[in-house]
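>>> no sequence on this one, just coordinates:
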């Protein structure tokens, strides 16, 4: 498969808030957002409501302030209850969450209203937490986000318009440039050319704010290394004690080449391009040119190695048995050209763990435009999938998932 540029799936995101931008062109005439650091915000008093009644909290804020609001106690009933956020000019926004976090889009008085479910006679309070903004710099010192009396710490950064940075931190909630909140599952978010790298990137570039009480976060650039196909293993190790979010190993091929990488999952992409999310772990069919292999370490301090090996594929043009062998840095590969549907099964060995056999067309897949569509583009595989037919032209690849050597016998049935 020749490499092509398409969105990469690097993280699963859940939208937990909405943009607070409710104005038109007049917004640009307002005062610019101030990127303050180390300024302790003024505490916002708690507001107590009456049993079964809506409760409203009002406070002053400056453009760019990030605020989180909590309902207390946590409601025990379930319905379509929402927060309503009203801006200084009267525009409202419904927020379907019990702990909305957002960046406020203008200076003035903001109000948050929570309406209990019908029949809920509990008395609720609203507590707002303003954030002290700390600056995150690429490859700078990590920032510990702490809770204080009346406010909490947040960390903000503006990803560079060119290049790649990785946010490392424990389950960090991130408020994007449009004011909406995304909750990242895991401890690693990738930003490329100023935008969060997800299947459908935010249209707006700008400031991201991390809100995660007790988290220790840092922003790092990829650790760049050089490699060679069929050359010695590339040592992967932190440089100068700096945590690593990604190793970027550059290499080139002079001819049309299939390569295998190992050990562990690797993304291979054209230099200056993006990976194919269906092919993590390879093998890779590369046209002549320059490439980068991106390796994600298990931890920011993990060390290891990467091997780039060319693969000479076998060929299948009809029914019969085929033996494939894979190891920690070598995939078993065969190209197939079959007329009609054929059955496919593994008849040996008895062990069904430690390896995966996949098959797919050797052609660029359709671009995915959402998390679900990207997950749906994964090629069929054994021993995991029920669908066990193969047809047309493509490749069969055996990959070791535990680093050990595995040999399997694949049987292609009659059409």
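Great, that's in hand. Only a predicted model underlies this, so the values are computations on that prediction, with no experimental measurement involved. Numbers count the residues shown, from 1 in each chain.

>>> packing partners for the helix or strand harbouring residue 391?
In this structure, residue 391 sits in strand 389-400 according to DSSP states H and E. Under the contact definition 3 or more C-beta pairs under 8 Å, 6 or more residues apart in numbering; DSSP states H and E, strand 389-400 sits against strand 320-326, strand 332-348, strand 355-360, strand 406-412. Bear in mind the C-beta positions are built from the backbone N, C-alpha and C, glycine included.

>>> which one of those strands lies closest to residue 306?
strand 320-326 (16.5 Å; C-beta to C-beta).

>>> weakest of the helices and strands packed on strand 389-400 by average pLDDT?
Out of the helices and strands packed on strand 389-400, strand 355-360 stands lowest, with a mean of 88 (criterion: mean pLDDT).

>>> so which bits of that one are buried?
355, 356, 357, 358, 359, 360 (16 or more other C-beta atoms under 10 Å).

>>> just stretch 234-251 next, same as before
Neighbour counts over stretch 234-251 (16+ other C-beta under 10 Å) mark 234, 236, 238, 243, 244, 245, 246, 247, 248, 249, 251 as buried.

>>> now pLDDT, secondary structure and distance to residue 145 too, for those residues, in CSV please.
Formatted as CSV, the buried residues of stretch 234-251 follow (pLDDT from 0 to 100; DSSP: H, G, I helix; E, B strand; the rest coil; distance: C-beta to C-beta, whole Å):
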residue, pLDDT, secondary structure, distance to residue 145
234, 95, strand, 35
236, 94, strand, 29
238, 92, coil, 23
243, 92, coil, 16
244, 94, coil, 21
245, 93, coil, 18
246, 94, coil, 23
247, 95, strand, 27
248, 95, strand, 28
249, 96, strand, 32
251, 97, strand, 38
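
>>> let me know the distance separating residue 163 from residue 76.
Between residue 163 and residue 76 the distance is 48 Å, computed by C-beta to C-beta, to the nearest Å.

>>> one more: residue 246?
43 Å.

>>> give me the low-pLDDT residue ranges for the stretch 1-150 of the chain?
Applying pLDDT under 70 to the stretch 1-150 of the chain flags residues 1-38, 80-81.

>>> quick one, strands of it?
Ranges of strands within the stretch 1-150 of the chain are 13-15, 47-48, 55-61, 66-72, 83-86, 92-95, 101-103, 108-114, 125-135, 143-144, 147-148, based on DSSP state E, counting those that start in this stretch.

>>> the third one - contacts with which helices or strands?
In this structure, strand 55-61 packs against strand 47-48, strand 66-72, strand 108-114, strand 125-135, with contacts taken as 3+ C-beta pairs under 8 Å, 6+ apart.

>>> list the buried residues for that strand?
So, applying 16+ other C-beta under 10 Å, buried residues of strand 55-61: 55, 57, 59, 61.

>>> turn those into TSV, columns for distance to residue 283.
As requested, the buried residues of strand 55-61 are arranged in TSV below (distance: C-beta to C-beta, whole Å):
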residue	distance to residue 283
55	59
57	57
59	57
61	53
